[in-house]
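In: Sequence first, then the predicted structure:
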There are 2 protein chains.
Amino acid sequence: MYVSARTDYAVRAMLSVTAEHPRLVKAATLAAAQEIPLSFLQGILLDLRRAGLLHSHRGVDGGYALARPAEEITVGDVVRAVGGALATVRGLPTTHATYHGAAFGLHDVWVAVEEAIEGVVDHKTLAELSTIKESA
Amino acid sequence: MYVSARTDYAVRAMLSVTAEHPRLVKAATLAAAQEIPLSFLQGILLDLRRAGLLHSHRGVDGGYALARPAEEITVGDVVRAVGGALATVRGLPTTHATYHGAAFGLHDVWVAVEEAIEGVVDHKTLAELSTIKESA
DNA sequence: GCGTAAGCCTATCTAGTAGATAGGAATGAT
DNA sequence: ATCATTCCTATCTACTAGATAGGCTTACGC
């Protein structure tokens, strides 16, 4: 029930890339636009590329672009790419938690919580989110 | 999206108290039953009492009991008593997170996630959970 | 009363890790 | 060749979750 800075940065960066689609955006540009430490962001972008969400290009005029249409990338995809499981109990997947005695039923609660989170993040696409604009 | 040991312990302890209702249960008994470090548990029980969820009694034959019927205590009550907000972004409440530029719409996502979690934990009572038994 | 068993409370320790940084190697365009 | 950029690894630092220790306070029995 804690969204890490890493996760938050990742989604923000992806949305910034979405806004420039299909142009390539430099890591430095993203860092400035969303006020993210550059070195930290580079590691995050690497994860996103390895997860198949971003395409990267090196050298002069290099940068990052979405590997798939914004309509086909959900917030859940991004969160999982950088943070692993959506919900964890003491660092372990919810399904891995086992309880005994009076607490036996607790397992079901954590699983239900995870499914509730999935219900939200797996249905919000970057395309949807990028249509929401800051009102002046 | 991380359930801390403290939160997990708190719910387990509450369920153990529920099972003995309305008898008083000693902290040491709870610790043994749910395999929770005693000293750590004592701090948690203190929080639960201060939140008005537990009644405590000192001295010989002292212990803890539910301050309200199990039907009127939800998992959400317990989580909030020991952990503060249900969902946080980089340690801050979801409502406190502000975004600019392309990431503006992200705020709504985190809020929706928190509401989804609330929908689960605020409707599961200790009474319901305590009816789920371990099958032999 | 006095002793004992329990909860109450504060201070503290420790280890893990989130967050951030640095520096160089690989790559691609001009 | 050179420069700009991504790629990758190693590392640092500060925070805090998790756990511990020890003394204080309350309640009951004798």
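Out: Right, received. Where do you want to start?

In: which stretches of chain A form strands?
Out: A:2-3, A:54-57, A:63-66, A:88-89, A:92-93 (DSSP state E).

In: wait, which of the ones you listed is closest to residue A:38?
Out: strand A:63-66 (13.2 Å; CB to CB). Quick note: C-beta positions are derived from backbone N, CA and C, even for glycine.

In: Pull out the buried residues from the closest one.
Out: A:63-66 (16 or more other CB atoms under 10 Å in any protein chain shown).

In: For residue A:12, give me its contacts.
Out: Residue A:12 is in contact with A:34, A:36, B:99, B:102-103, B:106, counting by CB atoms under 8 Å, 6 or more residues apart in numbering or on different chains.

In: Which of those residues fall in helices?
Out: A:34, B:106 (DSSP state H).

In: Which of the contacts of residue A:12 sits closest to DNA strand D?
Out: residue A:36 (12.8 Å; CB to the nearest atom of the strand).

In: What is the neighbour count of that closest one?
Out: 21 (other CB atoms under 10 Å in any protein chain shown).

In: What of residue A:106?
Out: 22.

In: Any figure for the gap between the nearest residue to residue A:40 once chain neighbours are set aside and residue B:110?
Out: Nearest non-adjacent residue to residue A:40, counting by CB to CB, 6 or more residues apart in numbering or on different chains: residue A:9, 7.2 Å away. Using CB to CB, to the nearest Å, we find residue A:9 at a distance of 13 Å from residue B:110.

In: sorry, back to before: can I get the contacts of residue A:12 in a markdown table including pLDDT and distance to residue A:134?
Out: Formatted as a markdown table, those follow (pLDDT from 0 to 100; distance: CB to CB, whole Å):
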| residue | pLDDT | distance to residue A:134 |
| --- | --- | --- |
| A:34 | 91 | 13 |
| A:36 | 91 | 18 |
| B:99 | 90 | 8 |
| B:102 | 88 | 10 |
| B:103 | 88 | 10 |
| B:106 | 93 | 11 |
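
In: Show the contacting residues for residue A:104.
Out: Residue A:104 neighbours (CB under 8 Å, 6+ apart): B:132-134.

In: Contacts only, for the residue of chain A found nearest DNA strand D.
Out: Chain A approaches DNA strand D most closely through residue A:56 (3.1 Å), counting by CB to the nearest atom of the strand. Listed by CB under 8 Å, 6+ apart, the contact set of residue A:56 reads A:45, A:49, A:62-65.

In: Also near DNA strand D: which of those residues, exactly?
Out: Cross-checking the contacts of residue A:56 against DNA strand D (CB under 7 Å from any atom of the strand) gives A:45, A:49, A:62-64 as the overlapping residues.

In: Out of those, which comes closest to DNA strand C?
Out: The nearest one, if we look at these relative to DNA strand C and count by CB to the nearest atom of the strand, is residue A:62, at 6.7 Å.

In: Spit out the contact partners of that closest one.
Out: Counted by CB under 8 Å, 6+ apart, residue A:62 has contacts A:24, A:26, A:56.

In: Make a markdown table from the residues you listed and add pLDDT to it.
Out: Formatted as a markdown table, these follow (pLDDT from 0 to 100):
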| residue | pLDDT |
| --- | --- |
| A:24 | 90 |
| A:26 | 91 |
| A:56 | 91 |
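
In: got a markdown table for the residues you listed, with distance to DNA strand C too?
Out: Below are those laid out as a markdown table (distance: CB to the nearest atom of the strand, whole Å):
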| residue | distance to DNA strand C |
| --- | --- |
| A:24 | 10 |
| A:26 | 13 |
| A:56 | 10 |
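
In: who in chain A is up against DNA strand D?
Out: A:26-28, A:39, A:42-43, A:45-46, A:49-50, A:56-64, A:90.

In: Which per-residue confidence value corresponds to residue A:136?
Out: Listed pLDDT for residue A:136 reads 60.

In: Sorry, wrong one. I was asking about residue A:127.
Out: Taking residue A:127 on its own, its pLDDT is 95.

In: nearest spatial neighbour of it, skipping sequence neighbours?
Out: Residue A:127 sits nearest to residue A:70 (CB to CB, 6+ apart), 3.9 Å away.

In: So that neighbour is in contact with residue A:131, correct?
Out: No: taking contacts as CB atoms under 8 Å, residue A:70 lies outside contact range of residue A:131: 10.0 Å.
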